[in-house]
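> dropping a prediction and its sequence here:
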Amino acid sequence: MHSPIKPSLLVLFLLLLGISSVTLSGTEVWSTVSRSVTGAGAALTDAFGGTPVTLSKIWHDYIPLPTEPQKKMRVLVVPGHEPADGGTSFKGVYERDLVAEIGLDLQAYLQQDQQLETLSTRTPDAWTPVFAQYFNEHWQDIVTWRDQAKTIAEALTAVEGTRAPKIYHASADPEVATRLYGITKWANENNIDLMLHLHLNDYPRRKSSAGIYSGFVLYIPSEEYANNPTTKALANSLFARLAQYNPITDHEDESLGIIDDSELIATGAHNTADAASILIEYGYIYEPQFQDPTLRSLVLRDLAYQTHVGLQDFFSQNTDVTPAHGYNPSEVYRWDTPVTDATSDSKDIYAMQTALIMAGVYPPQGKNFNDCPHTGIFGPCTKTALRALQQQHSIVGEGPSGGQTFALLQKIYYKLGYSLSTL
């Protein structure tokens, strides 16, 4: 946390920089100034009207007072990149298309919660009308606001210093970057409580070959930013839930799983975001579950559902986060066909792996999800886990489609009185 600069010194500082000539309203100027100066501290934020979303506001919006029954928590889903451009790709599969599909699925799940109002920035094909209109009508306002925030942040960095970013990020096209700032500005103006930016990961590699890393990571605002504490609390719940079914990235720079970052526009670069802002990298674009055209939509829907359940863990204050507790895979896929071998439908293999995860035998002992990912591939990890489950229940002489084995897997998957306490 940075020490607040005294207002009198700040005014002099701004005059020296020529910031007094900006065209923003006084409220907007001081809101940006106060956030930039105090970081997570509240002194100037309170004095000059900045409104970072706090945990108490999240709870107040999610569980409103009897006098405000119509109040809801507002969530903005932001599928990464432009509708027709940007993002990584591998063998004709484009990140921007996959995250748009996750966004549609996530909206559908979140809308089941009557206390959430869910909005989105785009579909797979276009910006939603409200954002298309906002970019068109307020472009210069966005540019001015962005430049104001950058100027103040850079000047304060020169005075106070700041931590270097932990991860290198490729620079966005200036027009794309401005739209990202525009999304943040719109969210500030429209009482958004939480922004979820959806992405898939990649790193510099030969584009014709799959990379060596796997797994998910969450990015949150830098710890000196005003929206960090609320974001961090929500991110912890999402991380705990996603980690039940997916590998945490094994990239050496991201292996903590939750990374606070000062330069990502999506999470509030230059302390610009009021809302809690989380950027989710669900995995690497080249991972097999994203490349299999038969399985892909099921995987994306499952990731959206896991994200939804992670938020429900937060709101229900669930501290018993296990693969089975609070998670109902039949909300994602109705699994009714037994797996016979590696040639079975990858969706059914994926569902069987889900049941094995819920039973606590996948990944097998001594392995993790990076070794044995949830990919719908019937390989050594799945065979080992299946044998472990059969041994636990004294089932012998059967493959995965055997009567006792399939019945047991179905009980686990559909949570039909299976004895594991977490179910």
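Okay, I see it. Residues are numbered from 1 along each chain as shown.

> count residues in the vicinity of Thr67, would you?
Close neighbours of Thr67, defined as other Cβ atoms under 10 Å, add up to 6. In this view, the C-beta of every residue, glycine as well, is placed from N, C-alpha and C.

> I meant Leu104, not that one.
Leu104, neighbours per other Cβ under 10 Å, totals 17.

> name the helix or strand for it, please.
Secondary structure from DSSP states H and E places Leu104 in helix 95-110.

> cool, and Asp141?
With DSSP H and E as the test, Asp141 turns up in helix 139-160.

> list the buried ones in whichever helix or strand comes after that helix?
The element immediately downstream of helix 139-160 (helix or strand, assigned by DSSP H and E) is helix 174-189. Judged by neighbour count (16 or more other Cβ atoms under 10 Å), helix 174-189 contains these buried residues: 178-188.

> got the angle between the helix holding Asp141 and helix 174-189?
90 degrees (axes from the mean of the first three to the mean of the last three Cα atoms, to 10 degrees).

> residues touching the helix holding Leu104, excluding its own?
Applying Cβ atoms under 8 Å, 6 or more residues apart in numbering, the contact partners of helix 95-110 are 75, 77-89, 116, 118, 120, 122-124, 196, 198-200, 202, 282, 285, 290, 296-297, 300-301, 303-305, 307-308, 311, 331.

> would you write a ChimeraX line that selects the buried entries of those residues?
Selection command for ChimeraX covering only the buried members of the contacts of helix 95-110, criterion 16+ other Cβ under 10 Å:
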select :75,77,78,79,80,81,82,83,87,88,89,116,118,120,122,124,196,198,199,200,202,282,285,290,296,300,301,303,304,305,307,308,311
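
> among the contacts of helix 95-110, which are in strands?
If you go by DSSP state E, those have 75, 77-79, 89, 116, 118, 120, 196, 198-200, 282 in strands.

> and which of those residues is nearest Gln365?
Distance to Gln365, by Cβ to Cβ, is smallest for Tyr282 among the ones in strands among the contacts of helix 95-110, at 26.3 Å.

> which ones are touching that closest one?
Contacts for Tyr282 (Cβ under 8 Å, 6+ apart) come out as 99, 102, 198-201, 216, 242, 246, 303.

> using a markdown table, please lay out those together with pLDDT and distance to Ala149.
Output for the contacts of Tyr282, formatted as a markdown table (pLDDT from 0 to 100; distance: Cβ to Cβ, whole Å):
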| residue | pLDDT | distance to Ala149 |
| --- | --- | --- |
| Val99 | 98 | 26 |
| Ile102 | 98 | 29 |
| Leu198 | 98 | 24 |
| His199 | 98 | 23 |
| Leu200 | 98 | 28 |
| Asn201 | 97 | 27 |
| Phe216 | 98 | 29 |
| Leu242 | 98 | 31 |
| Asn246 | 98 | 34 |
| Leu303 | 98 | 32 |
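
> from these, which is closest to Leu256?
Phe216 (12.1 Å).

> where do the helices of the protein begin and end?
For the chain, the helices defined by DSSP state H cover 7-17, 26-38, 43-48, 55-62, 95-110, 129-137, 139-160, 174-189, 228-242, 288-291, 296-315, 346-358, 380-392, 403-413.

> most tightly surrounded among these?
helix 346-358 (a mean of 24; mean count of other Cβ atoms under 10 Å).

> got the angle for it vs helix 403-413?
Going by the same axes, to 10 degrees, helix 346-358 makes 70 degrees with helix 403-413.

> now helix 346-358 - C-alpha only, CSV.
What follows is helix 346-358, C-alpha atoms only, in CSV (Å, rounded to 0.1, in the frame of the first residue of the first chain):
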residue,chain,number,x,y,z
SER,A,346,-14.9,-38.8,-26.0
LYS,A,347,-17.8,-37.1,-24.2
ASP,A,348,-18.6,-40.3,-22.4
ILE,A,349,-15.0,-40.8,-21.5
TYR,A,350,-14.9,-37.3,-20.2
ALA,A,351,-18.0,-38.0,-18.1
MET,A,352,-16.5,-41.2,-16.7
GLN,A,353,-13.3,-39.2,-15.8
THR,A,354,-15.6,-36.7,-14.0
ALA,A,355,-17.1,-39.5,-12.0
LEU,A,356,-13.6,-40.8,-11.1
ILE,A,357,-12.6,-37.3,-10.0
MET,A,358,-15.7,-37.1,-7.9
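
> who touches it?
244-245, 289, 292, 294-295, 298-299, 302, 323-324, 327, 329, 333, 335, 337-339, 342, 362, 374-378, 382, 385-386, 389, 400, 409-410, 412-413, 420, 422-423.

> distance of the nearest residue to Tyr94 once chain neighbours are set aside from Ile412?
With Cβ to Cβ, 6 or more residues apart in numbering as the criterion, Tyr94 has its nearest non-adjacent residue at 6.3 Å, and that residue is Gly87. For Gly87, the distance to Ile412 (Cβ to Cβ, to the nearest Å) stands at 36 Å.

> what do you get for Lys72?
To Ile412, Lys72 is 35 Å away according to Cβ to Cβ.

> same question for Leu104.
From Leu104 to Ile412 the distance is 29 Å (Cβ to Cβ).

> Tyr282 now?
Distance from Tyr282 to Ile412, by Cβ to Cβ: 24 Å.

> if we can go back for a sec, CA-only coordinates of the helix holding Leu104 in PDB, if you can.
Below are the C-alpha coordinates for helix 95-110, written out as PDB (Å, rounded to 0.1, in the frame of the first residue of the first chain):
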ATOM      1  CA  GLU A  95      -9.400 -18.500 -28.700                       C
ATOM      2  CA  ARG A  96     -11.800 -15.700 -29.400                       C
ATOM      3  CA  ASP A  97     -14.400 -18.200 -30.600                       C
ATOM      4  CA  LEU A  98     -14.000 -20.600 -27.600                       C
ATOM      5  CA  VAL A  99     -14.200 -17.900 -25.000                       C
ATOM      6  CA  ALA A 100     -17.300 -16.400 -26.600                       C
ATOM      7  CA  GLU A 101     -18.900 -19.900 -26.300                       C
ATOM      8  CA  ILE A 102     -17.800 -20.100 -22.600                       C
ATOM      9  CA  GLY A 103     -19.300 -16.600 -22.100                       C
ATOM     10  CA  LEU A 104     -22.700 -17.700 -23.500                       C
ATOM     11  CA  ASP A 105     -22.700 -20.800 -21.300                       C
ATOM     12  CA  LEU A 106     -21.600 -18.800 -18.200                       C
ATOM     13  CA  GLN A 107     -24.400 -16.200 -18.700                       C
ATOM     14  CA  ALA A 108     -26.900 -19.000 -18.900                       C
ATOM     15  CA  TYR A 109     -25.700 -20.600 -15.600                       C
ATOM     16  CA  LEU A 110     -25.400 -17.200 -13.800                       C
END
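
> nice, that's everything, thank you.
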